[in-house]
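Engineer: fold the following.
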Amino acid sequence: RWPTPTLPYPADVYSVTVDHDKQDMVVRTSNKKYYKRIDLPDLRRVGLTLQENSLSWKHQHNTLIISYTRPQEVVEQEQKALREAEKSAIKM
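Structural biologist: As a prediction, the model looks like this:
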């Protein structure tokens, strides 16, 4: 989840999309007052691309909340890294 700073614009002003060429999420407003690219290094590490259908967002209390459902491959990679870290911590 990525909350954005407090932005006083109504929800219909926002656009959250995936830039497939650069593999970033792009947040912009139609009034051109806000623009931001959000990188997801976890997906790049596993070699996956961003999917529009995994992206969702909502506007609540002057905050835009962006969510991206992590693919199972990313979850498995994180669990593997945690297990390895625990093993190395136990050996110390």
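
Engineer: would you agree residue 38 is in contact with residue 22?
Structural biologist: No: counting by C-beta atoms under 8 Å, residue 38 sits too far from residue 22 to count as a contact (11.0 Å). Placement of C-beta: from N, CA and C, glycine included.

Engineer: these two: who's more crowded?
Structural biologist: The neighbour comparison of residue 38 against residue 22 (other C-beta atoms under 10 Å) goes to residue 38, with 14 against 11.

Engineer: which element, helix or strand, includes that one?
Structural biologist: If you go by DSSP states H and E, residue 38 is part of strand 35-39.

Engineer: buried ones in that strand?
Structural biologist: By neighbour count on 16 or more other C-beta atoms under 10 Å, the buried set for strand 35-39 is empty.

Engineer: name the surrounding residues that touch that strand.
Structural biologist: Residues outside strand 35-39 that contact it (C-beta atoms under 8 Å, 6 or more residues apart in numbering): 2, 4, 19, 22, 23, 24, 25, 26, 27, 28, 29, 66.

Engineer: tell me which two of those residues sit farthest apart.
Structural biologist: 23 and 29 (22.1 Å; C-beta to C-beta).

Engineer: for the helix or strand hosting residue 82, name the packing helices and strands.
Structural biologist: Taking DSSP H and E as the criterion, residue 82 maps to helix 72-91. Secondary-structure packing of helix 72-91 (3 or more C-beta pairs under 8 Å, 6 or more residues apart in numbering; DSSP states H and E): helix 41-46.

Engineer: give me the sheet partners of the helix or strand that the helix it packs on is followed by and which way each runs.
Structural biologist: Going down the chain from helix 41-46, the next helix or strand is strand 55-60, by DSSP H and E. As defined by DSSP bridges, the strand partners of strand 55-60 come to strand 63-68 (antiparallel).

Engineer: which parts of the strand it pairs with are buried?
Structural biologist: 64, 66, 68.
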